[in-house]
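>>> I would like to see how this sequence folds:
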Amino acid sequence: MPLTAARLSTLRHDLRTPFNQIIGYAEMTGEDGEDSATPAVTEKSSDLATAAHELLARIAADLTGEPEQITPQHLEALRAASAPAVDALSQRAATLRETVRSAPSLPEETIGNLDKIETALDALRSRLAETITWHTAIDPIQAATSNPQPISALHTPSAPAKGTILIVDDHVENRDLLRQRLDREGFKTAVAENGLDALAMLAQQPIDLVLLDVLMPGMNGIEVLQHIKSSDSLKFIPVIMISSLDEIERVVQCIETGAEDYLTKPFNPVLLRARIGVTLERKRLRDEEEHQRVEMKQMFAALAQERKNAHDLLLNILPEKVANDLQQGHSAPMYFEDCTICFTDFVGFTLSTENMAAELVVEELHTFFTAFDLVMERYGLEKMKTIGDSYMFASGLPKRHPANPVNALLAALELAHETEKFGQRPNAPGWQIRIGLHTGPVIAGVVGIRKFAFDIWGDSVNFASRMESSGAANCINVSERTYARIKDFFACEHRGKVMTKDKREVDMYFVRGVQPELIKDGTFAAFAKRYRLYFSEEPPSFPEYLLAQSN
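Just a heads-up that it's a prediction; the model follows:
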């Protein structure tokens, strides 16, 4: 039996598959040898992969050409010429295995890859041996006049797809004739004697193809076809119209309504078989395409979710603008001429941790800093980092904001209150907070290529740190510059000139709370009014505990 182009292409594909496995696993074994500094393994792996490439090229060249040129004699010569080369591949694989065994530093999966090479070599021998049947096995294209069993064994795309076929005809003899014919071809069949029964069956069970009679009492075939093609759940089921009518107008009407094909009675069994095979194959491809489309949609949705998760994680570390810039490849440094930096520190932390278990220390810090993070969210401020028991945040970046000193002070008051509240718990560590703030220019950005962190630099940062270290427990200490920006909102106590760690005497102020006249009525209405007057917007939040203290 002569080979067809489609079948020869499939057989060549099957023969190439074990080569791809041998070469791929050999190359991965060579990479393992390079990673573990075992040059002998790399060399033997390369020898095996090269030999497999050469044998594949020779076989591919021998099988190139028109199908009629690939004769049984041609294939016999191919088998004879390939056998020694396959044996040589096996010998190279055995040598590689011995080399791997003498190199214990290789990963465990390397031995598993060698086993897969052996399996692929066995498959290659089987594929070469099967070439003796290439001209005796049944070609799928010829299946209409041959025994269908060998076709199923070939697993080729040209083999007719077996499925469930619904036969719709009002004559019992016509239904029985089609049913017997299709049963012999290996199809599953279902029968309906009218259009309504057919639609009910389509709604209840999966059907791969409908053979639909045109002339039926009640709902005729055209009406059934129209109903199927107008239904979202049924419209992709292929329909072949079968009728004794052969007028071209009726054929055109059926095709325009959505029928896949039209056969006239009495039908030719060979033609029927071929039309059904083509239609089912087309449906199978369409189902696969739809399945792939759904999978792709799900994959894209999963990728989008993963991208969102990654972006959310990045936003948990970096400001949104910086995160977006980094995803584009680079984040340029930024200069902020006006922002407020805050440092906090727990007084008594070092002493108390000497008597606390390590996990309790971490748990307490997590409790405090989680509450601090929520305050940052409430006021729209940027948490910079934590260093041990120190918590650092900034107001006025990456979004510039004229109200940044006031917002920072509101948040600082809440941090102090949260610390006091947590200190009232049973068995609390007894930490007290010290807070320092300064307002001034900074440079901000991301440096390095690993473990990105958004940071700020400049004398203003150092000065803010000095405000914290020069402060006192349960107090908020601010610089003169910050005081000038917040004095209309907060009551402050001038401390005079205070010596900092870097031996500078500077004016400092303790913040004692909101200006009394701004909360004297028991609400923040006056505070909000002044805030709107100064900054033309609503304040982000209020420390509610201050109202209780004012009453």
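
>>> Show me the residue at the heart of the protein, geometrically.
Ranked by distance to the mean C-alpha position of the chain (CA atoms, centre = their mean), the top residue is residue 303 at 2.9 Å.

>>> Point me to the helix or strand that includes it.
helix 269-315 (DSSP states H and E).

>>> who does the helix or strand containing residue 203 touch, helix- and strand-wise?
Here residue 203, judged by DSSP H and E, is contained in helix 195-204. Applying 3 or more CB pairs under 8 Å, 6 or more residues apart in numbering; DSSP states H and E, we find helix 195-204 packed against strand 164-168, strand 188-192, strand 209-213, helix 221-230. C-betas here are computed from N, CA, C, even on glycine.

>>> now it and strand 188-192, what's the angle there?
For helix 195-204 against strand 188-192, the angle by axes from the mean of the first three to the mean of the last three CA atoms, to 10 degrees is 140 degrees.

>>> For helix 195-204, which residues meet the burial criterion?
195, 198, 199, 201, 202 (16 or more other CB atoms under 10 Å).

>>> sorry, back to before: how near is the residue nearest to the centre of the chain to residue 3?
According to CB to CB, to the nearest Å, residue 303 and residue 3 sit 43 Å apart.

>>> The helix or strand containing residue 509 pairs with which strands, and in what direction?
Secondary structure assignment for residue 509, by DSSP H and E: strand 505-514. Strand 505-514 has its sheet partners listed here by DSSP bridges as strand 475-479 (antiparallel), strand 490-499 (antiparallel).

>>> Show residues contacting stretch 193-202.
Stretch 193-202 is contacted by residues 166, 168-170, 172, 175, 190, 192, 207, 210, 212, 216-221, 223-224, 227-228, 234, 237 when judged by CB atoms under 8 Å, 6 or more residues apart in numbering.

>>> Quick check: mean pLDDT of that stretch?
Here stretch 193-202 scores 92 as its mean pLDDT.

>>> Lowest average confidence across helices and strands of the chain, where is it?
In the chain, no helix or strand scores lower on mean pLDDT, DSSP states H and E than helix 149-154, which sits at a mean of 31.

>>> list the buried ones in stretch 494-505?
By neighbour count on 16+ other CB under 10 Å, the buried set for stretch 494-505 is 495, 498, 500.

>>> got it, and stretch 249-260?
Buried residues in stretch 249-260, counted by 16+ other CB under 10 Å: 250, 251, 253, 254, 257, 259, 260.

>>> Just these: which are in helices?
When those are checked against helices (DSSP state H), the matches are 250, 251, 253, 254, 257.

>>> Can I get the residues you listed in CSV including pLDDT and distance to residue 286?
Below are these laid out as CSV (pLDDT from 0 to 100; distance: CB to CB, whole Å):
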residue, pLDDT, distance to residue 286
250, 76, 26
251, 81, 23
253, 85, 23
254, 87, 19
257, 89, 18
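
>>> and residue 435, how many residues sit next to it?
Residue 435: 28 surrounding residues under other CB atoms under 10 Å.

>>> coming back round to it: nearest to residue 347, of the ones in helices among the buried residues of stretch 249-260?
Proximity of these to residue 347 was ranked by CB to CB; the top entry is residue 257 with 85.1 Å.

>>> so who does that closest one touch?
Residue 257 neighbours (CB under 8 Å, 6+ apart): 222, 225, 226, 229.

>>> that older thread, buried subset of the contacts of stretch 193-202?
The buried subset of the contacts of stretch 193-202 - by 16+ other CB under 10 Å - is 166, 168-170, 175, 190, 192, 207, 210, 212, 216, 219-221, 224, 227-228, 234, 237.

>>> if we can go back for a sec, nearest to residue 81 among the buried residues of stretch 249-260?
residue 260 (47.1 Å).

>>> Residue 350 is in what secondary structure piece?
Per DSSP H and E: helix 349-353 holds residue 350.

>>> cool, and residue 54?
Per DSSP H and E: helix 39-62 holds residue 54.

>>> For that helix, C-alpha coordinates in PDB please.
Taking C-alpha atoms only, helix 39-62 is exported to PDB below (Å, rounded to 0.1, in the frame of the first residue of the first chain):
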ATOM      1  CA  PRO A  39      34.300  17.800  32.900                       C
ATOM      2  CA  ALA A  40      34.200  14.000  32.100                       C
ATOM      3  CA  VAL A  41      30.400  14.000  32.500                       C
ATOM      4  CA  THR A  42      30.100  17.100  30.200                       C
ATOM      5  CA  GLU A  43      32.300  15.500  27.600                       C
ATOM      6  CA  LYS A  44      30.500  12.100  27.500                       C
ATOM      7  CA  SER A  45      27.100  13.900  27.500                       C
ATOM      8  CA  SER A  46      28.200  16.000  24.500                       C
ATOM      9  CA  ASP A  47      29.400  12.900  22.700                       C
ATOM     10  CA  LEU A  48      26.000  11.200  23.100                       C
ATOM     11  CA  ALA A  49      24.100  14.300  22.000                       C
ATOM     12  CA  THR A  50      26.300  14.800  19.000                       C
ATOM     13  CA  ALA A  51      26.000  11.200  17.900                       C
ATOM     14  CA  ALA A  52      22.200  11.400  18.300                       C
ATOM     15  CA  HIS A  53      22.100  14.600  16.200                       C
ATOM     16  CA  GLU A  54      24.100  12.900  13.400                       C
ATOM     17  CA  LEU A  55      21.900   9.800  13.300                       C
ATOM     18  CA  LEU A  56      18.700  11.900  13.300                       C
ATOM     19  CA  ALA A  57      20.100  13.900  10.400                       C
ATOM     20  CA  ARG A  58      20.900  10.800   8.400                       C
ATOM     21  CA  ILE A  59      17.400   9.200   9.000                       C
ATOM     22  CA  ALA A  60      15.700  12.500   8.200                       C
ATOM     23  CA  ALA A  61      17.600  12.800   4.900                       C
ATOM     24  CA  ASP A  62      16.700   9.200   4.000                       C
END
